[in-house]
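Engineer: Could you look at this predicted model? Sequence included:
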Amino acid sequence: MKAVSKFAVMLSLVALASVAASAMTDEQAYLESCHKVPGVPVPVSVVAPTVGSEYSGATVQLEFIVDAAGKPADISVKSAPDNTLATAVVQAVKQWRFAPAEKNGLAVATKVALPVKIVSSAVSYPLAMN
């Protein structure tokens, strides 16, 4: 059985506003802010869920495997205020792509815990080792 490590990512999402062509999108800003830590998968492509303002402040806790190809697999919802929000967040995260974790120079599957917090005024995506 492959050993997996855990990390947590605090992800805050908002409905995207119109952005000037020269400005970075919220997703691009997140990708630029990710810390590259050895042994931890790093997001290289993210998709924000589309949710209404009624979910502001809500958090969906996900766990999944980032496989050796960098794709999320075996996504499970550990907690969510309701199924509608959980479904929207899972559908978005299924579209994410990662640079997979490496061990001894080889890509390895890694277990990930991802709390997704919906906020109404700003996007913040700090990456932290758990």
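Structural biologist: Received, thanks.
Engineer: so what pLDDT did residue 103 get?
Structural biologist: pLDDT recorded at residue 103 is 89.
Engineer: An error on my part: the question was meant for residue 130.
Structural biologist: For residue 130, the model assigns a pLDDT of 37.
Engineer: With residue 64 instead?
Structural biologist: The per-residue pLDDT reported for residue 64 equals 96.
Engineer: Equivalent analysis for residue 124, please.
Structural biologist: Residue 124 is given a pLDDT of 39.
Engineer: those helices in the protein, which residues are they?
Structural biologist: With helices called from DSSP state H, the chain shows them at 26-33, 83-93.
Engineer: Out of these, point me to the one whose mean pLDDT is lowest.
Structural biologist: When these are compared by mean pLDDT, helix 26-33 comes last with a mean of 68.
Engineer: May I have the residues that are in contact with the residue nearest to residue 86 when sequence neighbours are not counted?
Structural biologist: Excluding its sequence neighbours, the residue lying closest to residue 86 (CB to CB, 6 or more residues apart in numbering) is residue 80, at 3.7 Å. In this view, the C-beta of every residue, glycine as well, is placed from N, C-alpha and C. Applying CB atoms under 8 Å, 6 or more residues apart in numbering, we find residue 80 in contact with 58, 59, 60, 61, 86, 89.
Engineer: got the contact list for the first one?
Structural biologist: Counting by CB under 8 Å, 6+ apart, residue 58 touches 80, 81, 85, 117, 118.
Engineer: pretty sure the last one contacts residue 54?
Structural biologist: Think residue 118. No. Taking CB atoms under 8 Å as the definition, residue 118 is not a contact partner of residue 54, at 9.6 Å.
Engineer: What about the contacts of residue 58, which one has the most neighbours?
Structural biologist: Going through the contacts of residue 58 with other CB atoms under 10 Å as the criterion, the one with the most neighbours is residue 118, at 25 neighbours.
Engineer: what pairs with that one across the strands?
Structural biologist: Judged by DSSP bridges, the bridge partners of residue 118 are residue 13.
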